[in-house]
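K.L.:
pasting a predicted model and its sequence here:
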Amino acid sequence: MAWVLLLAAGLLEVVWAFAMKLSEGFTRAGPATATLLAMGASVGLLAISMRSLPLSTAYPVWTGIGAVGTFAVGVVVLGEPLNIGRVVAAVLIVAGLILMRLTTPA
């Protein structure tokens, strides 16, 4: 269950990062509110998952999901540039997340 909560926390990190971009520096109330709510929920789920997962696993996985997810949203939704170097970087992050999962006791 901790891994499911950690995945949800990571996905909420993507939500708050995207909402923050839409908030235009916290000048738009709706996206700014969504940012703060998603941040709170993301950190809360991370904290719950850390009850049974080690810090050295939970935090890197959480940030990795957020990093790769925001990269994907930036490219797909916001039309940010995509090149081989950026794709390789994202693949390396995903590979690290998989290795972290495979080498952490359940």
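P.N.:
The structure has been received and is ready for your questions. Numbering: from 1, shown residues only.
K.L.:
for A29, see how far away the residue nearest to the spatial centre of the chain is.
P.N.:
Nearest to the mean C-alpha position of the chain, by CA atoms, centre = their mean, lies G66 at 1.8 Å. Taking CB to CB, to the nearest Å as the measure, G66 falls 24 Å from A29. In short, each C-beta sits where N, CA and C put it, glycine included.
K.L.:
same question for L36.
P.N.:
Per CB to CB, L36 is found 11 Å from A29.
K.L.:
which of these two has more neighbours?
P.N.:
L36 (15 against 9; other CB atoms under 10 Å).
K.L.:
the more buried one sits in which helix or strand?
P.N.:
Using DSSP states H and E, L36 sits in helix 29-49.
K.L.:
go through the helix or strand that contains V87 and flag the buried ones.
P.N.:
According to DSSP H and E, V87 maps onto helix 84-102. Within helix 84-102, the residues scored as buried using 16 or more other CB atoms under 10 Å are 90, 93, 97.
K.L.:
which of those sits closest to F71?
P.N.:
When the buried residues of helix 84-102 are ranked by distance to F71 (CB to CB), A90 comes first, at 5.3 Å.
K.L.:
ok, now which ones touch the closest one?
P.N.:
With contact set as CB atoms under 8 Å, 6 or more residues apart in numbering, A90 has these partners: 67-68, 71-72.
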